[in-house]
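>>> Sequence and computational prediction follow.
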Amino acid sequence: MSDNAATTPETQTPGNLSHDVHQRIGVLTRQLHDALNGLGLAEKVKTWAGELPDAKSRLSYIARLTGEAAEKVLNNVDQAKLHHDHITKETRRIGALIAQDPVAAVAKGHVMNFINDVEEASQEIDKNLTDIMMAQDFHDLTGQVIAKVVGLAANIEEQLVQLLIVTAPSDAQGNRIAPESVSAVQPPVADVIQSVLAGPAVNPEGNPEVVKSQSEVDDLLASLGF
Amino acid sequence: MANELKFLVVDDFSTMRRIIRNLLKEIGYAEADEAEDGVNALHKLRNSGFDFVVSDINMPNMNGFQLLHEIKKDDKLKHIPVLMVTAEARKEDIVLAAQQGAAGYIVKPFTKATLEDKVNLILTKLGLK
């Protein structure tokens, strides 16, 4: 890439322009190859290649869990609203009956039936509210998975920045020109949660190392004498 | 009375701490405090009386295994049952928790019935219910 002066755009023909581009790509490829090997990144690139599908399945897991949580909340709200509407209508009806003939309303069992209705509906609504609360557990589970993906992204970013520094072009004095804002994009790796724990089992099917349900946990503990 | 037992809920996610506290209240255990990691939990355990610990595993600063280890090596705390409630589903983690003295292990996501069963089972075994 030292013959820039000899091949200015004005003097280039389509033939030697094509040759020059190929030559530059070749030099860049060689630089990249040498830099990857020099930094010991070649092996890391292979690791990234293995981790990226894992990151993909983790992101799919997040999408699935948040979708299921939203669905569960909306279904429970629908059910709770039905119970609530029923009680509202029954309250109006029993109110009218009491206003009409309070003694008959009690004697004919309308009031008692209403009380039973309210109790049943309250229990159902309470179940709905508990289920809505439980649906919020996606925050914890997806949070852990997000931390893993962020860790992977930060790791790749850090290595890419190193690569960028090593392959930066030189100025006239032979000093490497630092890519703009390299320091700004340096990831705060120390801040990234890099837990050795596995976190939620994203793809438990077919993995004999993880349990797929609470009953498997109980069986395992029972086999240990618990 | 079992209903007067004091629980400590340890989890780095406030949402999960709140869920577990609410569930404990629903199943009859209204006395509960919370801690966001093992360090904070250990501090609270050493400075206040608790009867039961419900702990996550994957937490910053001090994880659930480390907390369990600290509790079990402390003569004043080792009698407190520790129920692990965690997303860690690896068999080796479950075995490790059992070996370190966990009283029970629940994998997230879990149900109210599972929490109720495990808490009551542990309390019954300990003669506290």
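Cool, the structure landed. Numbering: from 1, shown residues only, chains lettered A, B, ... in the order given.
>>> Verify the stated contact: A:Gln136 with B:Ile19.
Yes - counting by C-beta atoms under 8 Å, A:Gln136 does reach B:Ile19; the two are 6.2 Å apart. (Each C-beta comes from the backbone N, C-alpha and C, glycine too.)
>>> of those two, who's got more company?
B:Ile19 (26 against 16; other C-beta atoms under 10 Å in any protein chain shown).
>>> List the residues that contact the more buried one.
A:Met133, A:Met134, A:Gln136, A:Asp137 (C-beta atoms under 8 Å, 6 or more residues apart in numbering or on different chains).
>>> Neighbours of the last one, how many?
With neighbours defined by other C-beta under 10 Å, the count for A:Asp137 comes to 20.
>>> any idea how far chain B is from it?
5 Å (C-beta to the nearest C-beta, to the nearest Å).
>>> which residue ranges form the helices in the chain?
Unless you meant another one, I'm taking chain A. A:14-38, A:41-100, A:102-107, A:110-135, A:138-166, A:182-185, A:214-223 (DSSP state H).
>>> nope, chain B please
B:14-26, B:38-47, B:64-73, B:91-100, B:112-125.
>>> Redo those as JSON lines? Include mean pLDDT and distance to A:Asn207.
As requested, the helices of chain B are exported to JSON lines (pLDDT from 0 to 100; distance: least, C-beta to C-beta, whole Å):
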{"stretch": "helix B:14-26", "mean pLDDT": "94", "distance to A:Asn207": "24"}
{"stretch": "helix B:38-47", "mean pLDDT": "97", "distance to A:Asn207": "28"}
{"stretch": "helix B:64-73", "mean pLDDT": "97", "distance to A:Asn207": "21"}
{"stretch": "helix B:91-100", "mean pLDDT": "94", "distance to A:Asn207": "10"}
{"stretch": "helix B:112-125", "mean pLDDT": "96", "distance to A:Asn207": "22"}
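>>> could you dump those to CSV with distance to A:Pro204?
Output for the helices of chain B, formatted as CSV (distance: least, C-beta to C-beta, whole Å):
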stretch, distance to A:Pro204
helix B:14-26, 20
helix B:38-47, 26
helix B:64-73, 20
helix B:91-100, 11
helix B:112-125, 17
